[in-house]
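[1] Here is my input; please provide its structure:
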Amino acid sequence: MVVLMAKRVTVVLDDDLIKKLHEKQAKQIKESVMSVSFSNVINQTLRKHIK
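    Take a look at the predicted model:
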């Protein structure tokens, strides 16, 4: 079992990126019965694009 430790980090995002991430979050909320946090959307997006 892998245990991931989360760390709070402050970053400044451009408005266009925030809008796109919120749109992605809204889509995931519509497709899921569970809640989808903004932090999870950011983490998923970074994991997908940083290899």
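[2] Return the helix or strand hosting residue 46 as CSV; C-alpha atoms alone will do.
    In this structure, residue 46 sits in helix 38-49 according to DSSP states H and E. The C-alpha trace of helix 38-49 is given here as CSV (Å, rounded to 0.1, in the frame of the first residue of the first chain):
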residue,chain,number,x,y,z
PHE,A,38,-10.3,21.5,-6.8
SER,A,39,-7.1,20.2,-5.3
ASN,A,40,-7.8,16.8,-6.7
VAL,A,41,-8.4,18.2,-10.2
ILE,A,42,-5.1,20.1,-10.0
ASN,A,43,-3.2,17.0,-8.8
GLN,A,44,-4.7,14.8,-11.5
THR,A,45,-3.8,17.3,-14.2
LEU,A,46,-0.3,17.7,-13.0
ARG,A,47,0.2,13.9,-12.8
LYS,A,48,-1.1,13.5,-16.3
HIS,A,49,1.2,16.1,-17.8
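[3] average model confidence for it?
    Helix 38-49 carries an average pLDDT of 95.
[4] how many other residues sit next to residue 41?
    Look at residue 41: counted by other Cβ atoms under 10 Å, it has 20 neighbours. C-beta coordinates here come from the backbone N, C-alpha and C atoms, glycine included.
[5] who's in contact with residue 37?
    For residue 37, the contact set (Cβ atoms under 8 Å, 6 or more residues apart in numbering) comprises residue 25.
[6] and the gap between the most centrally placed residue in the chain and residue 31?
    Here the mean C-alpha position of the chain is nearest to the C-alpha of residue 41 (Cα atoms, centre = their mean), at a distance of 1.6 Å. Separation of residue 41 from residue 31 (Cβ to Cβ, to the nearest Å): 12 Å.
[7] Check residue 15 too.
    25 Å.
[8] same deal with residue 39?
    Residue 39 is 18 Å from residue 31, by Cβ to Cβ.
[9] what do you get for residue 24?
    11 Å.
[10] So which of these two has more stuff around it?
    Using other Cβ under 10 Å as the criterion, residue 24 and residue 31 rank with residue 24 on top: 16 against 8.
[11] thought the more buried one was touching residue 43?
    No - counting by Cβ atoms under 8 Å, residue 24 does not reach residue 43; the two are 11.9 Å apart.
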